[in-house]
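Chemist: just need the structure, nothing else, for what follows:
(2 chains)
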Amino acid sequence: SQTIHQWPATLVQPVGSPLSLECTVEGTSNPNLYWYRQAAGRGLQLLFYSVGIGQISSEVPQNLSASRPQDRQFILSSKKLLLSDSGFYLCAWDIAGGPGEQFFGPGTRLTVL
Amino acid sequence: AQKVTQAQTEISVVEKEDVTLDCVYETRDTTYYLFWYKQPPSGELVFLIRRNSFDEQNEISGRYSWNFQKSTSSFNFTITASQVVDSAVYFCALNTGGFKTIFGAGTRLFVKA
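Modeler: Residues are numbered from 1 along each chain as shown, chains lettered A, B, ... in the order given. Prediction:
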């Protein structure tokens, strides 16, 4: 069966510090991968998606970046965090050739102080 | 432009009551897909249903049922005989065939014992 992992679960970072959130998927090959951000009381905002290794598409211009160094690994990064980067970050995957249902990780709650 | 509106921010019911969560969508595409997801307090979104635009049949799965009406651009979700475990945030979502799924703002459901 497929499993998706995210870490860390929670993170408190000062403004201006770097960020690295990691997501890995098990039990499937060549998935589409996604990073979403959920602000408090809001819906999900798509940040990045990837259809393959090294292929990243950005939906929202901001100080975040994403990378996919391996087929089932997706990393969200920032060189300098802003207060507005606080939120709940969710990684998700679906099967290539969709659109089908997406499978979500447990999320990372990021607080920037 | 695509849009998903969940007008109900919060709903509170007593256990065993029926409850309907509303979802209205906007798109000019003739082919599209609608989804419902559940986000329990743990934070991980769980897929509930997918419906494509060519299938207007209503669906029932246990205590859950969905009413898809293209004439009113609505895809409403009803929980029959609600239970405390149904307490969660529910998201309606729309995809028109690409990689971007548009999520509504969500409806928070409280089911009191």
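
Chemist: show me what counts as buried in the one helix or strand in chain B whose mean pLDDT sits lowest.
Modeler: The helix or strand of chain B with the poorest confidence is strand B:59-61; it has a mean of 89 (mean pLDDT, DSSP states H and E). Residues of strand B:59-61 include none that count as buried (16 or more other Cβ atoms under 10 Å in any protein chain shown). Bear in mind the C-beta positions are built from the backbone N, C-alpha and C, glycine included.

Chemist: and it, which strands flank it?
Modeler: With DSSP bridges as the test, strand B:59-61 is paired with strand B:64-69 (antiparallel).

Chemist: ok so, going back, what does the least confident helix or strand of chain B rub up against?
Modeler: B:49, B:51, B:65-66 (Cβ atoms under 8 Å, 6 or more residues apart in numbering or on different chains).

Chemist: redo that, cut-off 10 Å
Modeler: B:48-49, B:51, B:65-68, B:78, B:80 (Cβ atoms under 10 Å, 6 or more residues apart in numbering or on different chains).

Chemist: the residues you listed: which two are farthest apart?
Modeler: Of all pairs drawn from those, the greatest distance, 18.7 Å, lies between B:R51 and B:T80 (Cβ to Cβ).

Chemist: A:Q102 is in contact with A:W35, isn't it?
Modeler: No - the pair formed by A:Q102 and A:W35 falls short of the contact definition of Cβ atoms under 10 Å, at 11.8 Å.

Chemist: what residues are shared contacts of those two?
Modeler: A:90-92.

Chemist: the residues you listed in strands, which ones?
Modeler: Members of the shared contacts of A:Q102 and A:W35 lying in strands (criterion: DSSP state E): A:90-92.

Chemist: Throw those into TSV and include neighbour count, pLDDT and distance to B:I11, thanks.
Modeler: Putting those into TSV (neighbours: other Cβ atoms under 10 Å in any protein chain shown; pLDDT from 0 to 100; distance: Cβ to Cβ, whole Å) gives the following:
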residue	neighbour count	pLDDT	distance to B:I11
A:L90	25	97	23
A:C91	27	97	29
A:A92	27	96	26
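
Chemist: ok, so of those, who is nearest A:L19?
Modeler: For these, the minimum distance to A:L19 (Cβ to Cβ) is 14.0 Å, reached by A:C91.

Chemist: how far away is the closest one from A:Y49?
Modeler: Per Cβ to Cβ, to the nearest Å, A:C91 is found 11 Å from A:Y49.

Chemist: pLDDT below threshold where in chain B?
Modeler: Regions of chain B meeting the criterion pLDDT under 70 are absent.

Chemist: show me the contacts for A:I95.
Modeler: A:2, A:28-32, A:101-103.

Chemist: keep only those of the residues you listed that are also close to chain B.
Modeler: Residues of these in contact with chain B (Cβ under 10 Å from any Cβ of the partner chain): A:32, A:101-103.
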